[in-house]
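**Student:** Generate a structure from the sequence data that follows.
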Amino acid sequence: MAAQLGFADVEMAGIQAEIELQAIDAYMTVVASPSVNLVNSDTVEEALVASAVVEDVVANGRARVDELFIKRRSLEELQVTFLADQDTYRQLQDEIDAEVEHLAELYDRADSAVAAAIRESETANAEYQEALSEVDLARARAEEQQRQEERETTTTSTPTVTTSSPTTTASSPTTTTSPPGAPPTTQPPTTTTPTTSGGGGGGPWNHPPAVEQWRSLVQQHFPASRVEEALRIMDCESNGDPNAYNPYSGASGLFQFLPSTWASTAPKAGYAGASVFDPEANTASAAWLGSRYEELGEYFWQAWSCRRVLN
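**Tutor:** Residues are numbered from 1 along each chain as shown. As a prediction, this is how the structure comes out:
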């Protein structure tokens, strides 16, 4: 409507100029018409003809002027309507602005209330998590303390080793009577070789059932000479619990692999992507790591602090 009004203003200015030109044109047409000369004629008939011609010219001009006036009136009405709509629009705009301001104020209040509630919730959640963490930490410490005590008890207990004392049987020299004229023959004493009972890898030890249950698995992956040692290390490290976890160091599984060591060892042992809590993957990786240390000229159990229990 604003665009139409702008064109209307231009058109009204043109109409005004056209009305003035039309009036001048009509006047000049009447004055310049040959029929006007008949007005001064002597006969009434000629005067009537001249009058009719002049009226036609004037009527044509007036019709055009009336048409222009009607068009201008329509444009003026359009302008009046536009101005009225403008007033209505401004009134509505003021009402909308007031409503928006009111809603914005309500939203601000709501946001403040929500923000306060969120802050309270976060504070309460943080306090809860802190309390929960303390409980978990205390529980983990208690479990680790108990595990350490069990390991110390296992370590300090003297393994039962059955060793037979070397037995040496020395027979007295035996003198055999020779035939007359021959020298006596003396046979050397008989000596029995000492015998000692023992298992491969420094054992045998009396392993608890929780550890002994993994013997077949250990035998599959460790050299025969290292089976007893492996079970002994396992007993010290995890007490045979495949889900053992140290919350301080992150060591996990039967042979208590550190996360970094597990990440580098498991793939090389053929168990990439396996869980450290998988008994077979953990055991096989421990066997691979020990063998690798041995290949490098190091002690087989160099990577484990529990190697002390083998002394």
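
**Student:** Helices of this structure, residue ranges please.
**Tutor:** Shown for the chain, the helices assigned by DSSP state H span residues 2-32, 44-156, 209-212, 215-221, 227-238, 259-268, 279-295.

**Student:** do you know which of those helices lies nearest residue 307?
**Tutor:** helix 227-238 (7.0 Å; Cβ to Cβ). Placement of C-beta: from N, CA and C, glycine included.

**Student:** Quick check: which helices or strands does that closest one pack against?
**Tutor:** helix 44-156, helix 209-212, helix 215-221, helix 279-295 (3 or more Cβ pairs under 8 Å, 6 or more residues apart in numbering; DSSP states H and E).

**Student:** right, so those: which one is the most enclosed?
**Tutor:** Per-stretch averages of neighbours, counted by mean count of other Cβ atoms under 10 Å, single out helix 279-295 among the helices and strands packed on helix 227-238, with a mean of 20.

**Student:** can you list contacts of that one?
**Tutor:** Here helix 279-295 makes contact (Cβ atoms under 8 Å, 6 or more residues apart in numbering) with 214, 217-218, 221-223, 226, 230, 233, 242, 253-255, 257, 261-262, 265-266, 268-271, 274-276, 299-303.

**Student:** got any ranges where this structure has weak pLDDT?
**Tutor:** Residue ranges of the chain with pLDDT under 70: 30-54, 57-58, 61, 132-133, 136-137, 140-141, 144-204.

**Student:** Break it down into its structural domains.
**Tutor:** As given by automatic domain parsing, the domain ranges for the chain are 2-113, 209-310.

**Student:** where's residue 285 relative to residue 130, distance?
**Tutor:** 36 Å (Cβ to Cβ, to the nearest Å).

**Student:** circling back: which of the domains of the chain sits closest to residue 135?
**Tutor:** Residue 135 lies closest, by Cβ to Cβ, to one member of the domains of the chain: domain 209-310, at 12.7 Å.

**Student:** Between its first and last residues, how far does the closest one reach?
**Tutor:** End-to-end distance for domain 209-310: 19 Å, by Cα to Cα, to the nearest Å.

**Student:** if we can go back for a sec, with distance to residue 309 as extra columns, can I get the helices of the chain in a markdown table?
**Tutor:** Listed next are those as a markdown table, based on distance: least, Cβ to Cβ, whole Å:
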| stretch | distance to residue 309 |
| --- | --- |
| helix 2-32 | 96 |
| helix 44-156 | 5 |
| helix 209-212 | 12 |
| helix 215-221 | 16 |
| helix 227-238 | 5 |
| helix 259-268 | 20 |
| helix 279-295 | 15 |
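
**Student:** So for residue 310, which of the ones you listed sits nearest?
**Tutor:** For residue 310, the closest of the helices of the chain is helix 227-238, at 5.7 Å, according to Cβ to Cβ.

**Student:** Would you indicate which residues of that closest one are buried?
**Tutor:** 227, 228, 229, 230, 231, 232, 233, 234, 235, 236, 237, 238 (16 or more other Cβ atoms under 10 Å).

**Student:** And stretch 295-311, by the same measure?
**Tutor:** Buried, per 16+ other Cβ under 10 Å, within stretch 295-311: 300, 301, 303, 304, 306, 307, 309, 310.

**Student:** Go ahead and confirm residue 229 touches residue 310.
**Tutor:** Yes - assessed by Cβ atoms under 8 Å, residue 229 is found in contact with residue 310 at 5.7 Å.

**Student:** just to revisit the earlier point, rebuild the buried residues of helix 227-238 as CSV, extending it with distance to residue 71.
**Tutor:** Shown next, in CSV, are those (distance: Cβ to Cβ, whole Å):
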residue, distance to residue 71
227, 115
228, 117
229, 114
230, 110
231, 113
232, 114
233, 109
234, 108
235, 111
236, 110
237, 105
238, 103
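
**Student:** Closest one to residue 67 out of these, please.
**Tutor:** Among the buried residues of helix 227-238, residue 238 lies closest to residue 67 (Cβ to Cβ), at 108.9 Å.

**Student:** so how far is residue 96 from the closest residue to the closest one other than its chain neighbours?
**Tutor:** Closest residue in space to residue 238, ignoring its immediate chain neighbours: residue 244 at 3.7 Å, by Cβ to Cβ, 6 or more residues apart in numbering. As defined by Cβ to Cβ, residue 244 lies at a distance of 69 Å from residue 96.
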